[in-house]
Structures are given as C-alpha cells and as structure tokens.
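[1] below: sequence and its predicted model.
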Amino acid sequence: MSEPKESGGSLPEHARWTLEGRLVEASNVVLRMADVSSLAAVPDDPSELPDDAARAVFKPVAGERPLADFPRGTLAHREVAASLVCAALGWDHVPETRWFEDDLGEGSLQRWVGPLVPTEQAHVALLDEEEFVSQQGSVHPIAAFEGEEGPLVLVHTDTPALRRIAVFDTVTNNADRKGSHLIETPEALFAIDNGLTFHTDDKLRTVLWGFAGDPLEEPIENALRRLVAARGQLTQELASLLTPAEIEALHARTDALLESGTFPDPPEERYGLPWPPL
C-alpha cells in the first residue's frame, strides 16, 4: 500500500468504506480502509485510490488471535472503550474509534493517523552507552538490555503528552504499551493499539515507567476528576463493550490514582515491560 496523506479531524460521518489492504506487521488481522463516498465507482486496483481519501484501521473480531489472559473476541470492543475513556478525560490521544460492521464482519474502526510501526521512535528508544550518556538528563532510563554489539538502555522522553498517555494507560490497565504504539504527527501524539486493556487483574505493562513516583500535575488531576464526573454516562456507554466487573475496575483504578496523587511504581511481583518494548 502507498502511504496516504495524514488524515485529520474525525471519521467521516457518512463514509463508504472499501478495503485497501492488510497491515502485515500486526499480530492480529488489521485492515486499512479508504472512504470512497466521493467516487462514482470503486477502482479495481486499490493503488488507484486517491491519496486524499480518508483512511481508517479496521480490526475485525474474527481476525483476533486467541490469548491466554484475555477473553476471546473482545479486543476490538476494548479498542472502542479506550477511545471513549480518553475522550472522557478530555484528551485526544486515542484516534476516534467506533464500532463497525459490514461485509468484512464486525470490529473496531479507528481513524488512520500514521504507519502501524514507525521507522523512527520519537519518544521511546534503545540507546547504546555513548548515546545514553549524551542524552542523560533529557530522557528517563527504564531498563538495560544486552544487544548484539553491547549494552542498550531503554529510555523515553518527558513531555506533557507522554505523561497524559501514561495516566491513560494506568486507568485503562494497558498490558501492552510499546514504543511503536506512539504515533507522532503534526496534529498530536497518538496512542494506538489499545486492545489489551481493562482487565480486572493488574496487567499494566508499559515502556513509560520513567514517571514512577512523580506527583500528578494539576491538569492531569483535573482530567481524572472529569472522568469521575462522567462516570454515570461512561458506564452506560461502556456497557456493551466491557463486563460490569471491568467497568468497576476502571472506576476503582481512577479513584486509586487520584487518591495516591502520584504516577504508579512498576510492579515487583511480575515483569512490567511489554515485549518487545519497541
């Protein structure tokens, strides 16, 4: 597939979606769709689709790989739920995501914001010793690994947007926040691939542990209070996507984070990083 122009705003309200191709890097079936509502006829060759057509990522339930620790056929529901929670926080880090059904099946449809796996990591990286020393003070070291050519240090930057995403991942209990799931565009810093979320057990696995123990800034606390204030409406919106226990666990994590007033510490009883981290 060719790389389309960046699509901005939201998913078109009256789009007519056609399959453009599959994103083969993903472990589950992930399809890129194009809006052809402006075309009189859909071209037989997807490469002939206009660059300026709106794009979206479709994750069909039927294409989900079974997992040992998440109920089968629920990841697309969790993608939509994550979008609702991010919006309730007042943040735009999760691209608009809706439930979608057509001839390809049912699943989550998310506004396209960039490549699934960026070739360059803007905020998370593995640095060799020389690179790490040169960037000390400007990045948070997370973990050390042994690379083919010597030691490597996993680091991430420190920005308000990244701190917001770390909080979002905490309340949604994200079990798979990799560096490649952070997409930097001129529009915003986006957090994609939010399917491994909302488990009732503590599953937080993230590359963003560098904020651990830091106090929550006032804008973040205000966002968490917005989430609490929206609890009644949000519970209704999530009812078709998550179980009652998962919704209750979301509310409990929000309350606990507000009460603690700090970013959480990494777990001591289990491995707290996703693999691979990038």
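    Yes, it's here.
[2] hmm, Asp193 and Arg78 touching each other?
    No. Under the criterion of C-beta atoms under 8 Å, Arg78 makes no contact with Asp193, lying 10.5 Å away. Backbone N, C-alpha and C define where each C-beta goes, glycine included.
[3] between the two, who's got more neighbours?
    Neighbours per residue, other C-beta atoms under 10 Å: of Arg78 and Asp193, the larger number sits with Asp193, 26 against 23.
[4] so who does the more buried one touch?
    By C-beta atoms under 8 Å, 6 or more residues apart in numbering, the residues touching Asp193 are Asp176, Lys178, His181.
[5] what's the local residue count around the nearest residue to the first one once chain neighbours are set aside?
    In space, and not counting its chain neighbours, Asp176 is closest to Leu196: 4.2 Å by C-beta to C-beta, 6 or more residues apart in numbering. For Leu196, the tally of surrounding residues (other C-beta under 10 Å) stands at 22.
[6] Leu196 touches His181, doesn't it?
    No. Contact status for Leu196 versus His181: not in contact, 10.2 Å apart, counting by C-beta under 8 Å.
[7] the helix or strand Ser83 falls within - contacts with which helices or strands?
    Counting by DSSP states H and E, the element that carries Ser83 is helix 75-88. Helix 75-88 is packed against strand 55-60, strand 97-102, strand 105-111, helix 160-172, helix 218-229, helix 231-238, with contacts defined by 3 or more C-beta pairs under 8 Å, 6 or more residues apart in numbering; DSSP states H and E.
[8] that helix versus helix 160-172: what angle between them?
    If you take axes from the mean of the first three to the mean of the last three C-alpha atoms, to 10 degrees, helix 75-88 sits at 120 degrees to helix 160-172.
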